[in-house]
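1. Kindly generate the corresponding structure for this input.
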Amino acid sequence: MVKKEIGKTASEYIQLKVMAIAKEKILDVNRSISEIAYDLPGVQIPCPFYKDV
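-> This is a model prediction of the structure:
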């Protein structure tokens with residue numbers, strides 16, 4: 001039903017919304033990436049937000 005309405009699956013839609021929230025929050029220079037990741041809806045382990053260097 002969701003895909004018919006917006007052209008994306010429910011999972012894709014939720015993922016896009018969470019990423020939009022993350023992009024907005026990352027502009028706050030007073031917070032670390034891990035703080036932002038833990039605050040995102042549905043994120044319990046923020047591993048995808050880290051990058052090995």
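2. which intervals of this structure have sub-threshold pLDDT?
-> Low-confidence regions of the chain, defined here as pLDDT under 70, cover residues 1-2, 43-53.
3. OK, contacts around residue 36?
-> For residue 36, the set of contacting residues under the criterion of Cβ atoms under 8 Å, 6 or more residues apart in numbering consists of 22, 25, 26, 28, 49. For glycine as for every other residue, the C-beta is placed from the backbone atoms N, C-alpha and C.
4. Report the buried residues of the biggest helix by length in the chain.
-> Identified as the longest helix of the chain according to DSSP state H is helix 10-25. If you call a residue buried by 16 or more other Cβ atoms under 10 Å, then helix 10-25 has these buried ones: residue 22.
5. From the chain's centroid, how far away is the host helix or strand of residue 35?
-> Taking DSSP states H and E as the definition, residue 35 sits inside helix 33-39. Here the centre of mass of C-alpha atoms in helix 33-39, compared against the chain's by Cα atoms, centre = their mean, to the nearest Å, lies 10 Å away.
6. on that earlier part again, greatest separation within the contacts of residue 36: which pair is it?
-> Within the contacts of residue 36, two members stand farthest from each other by Cβ to Cβ: 28 and 49, at 14.5 Å.
7. These two: which is more packed in?
-> Using other Cβ atoms under 10 Å as the criterion, residue 28 and residue 49 rank with residue 49 on top: 15 against 10.
8. coming back round to it: I'd like the contacts of residue 36 laid out as TSV, including distance to residue 8.
-> Below are the contacts of residue 36 laid out as TSV (distance: Cβ to Cβ, whole Å):
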residue	distance to residue 8
22	18
25	22
26	23
28	28
49	21
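9. Which of those residues sits closest to residue 38?
-> Among the contacts of residue 36, and counting by Cβ to Cβ, the member closest to residue 38 is residue 49, at 9.4 Å.
10. and residue 5, how far is that from residue 16?
-> For residue 5, the distance to residue 16 (Cβ to Cβ, to the nearest Å) stands at 14 Å.
11. my bad, should have said residue 4
-> On the measure of Cβ to Cβ, residue 4 and residue 16 end up 17 Å apart.
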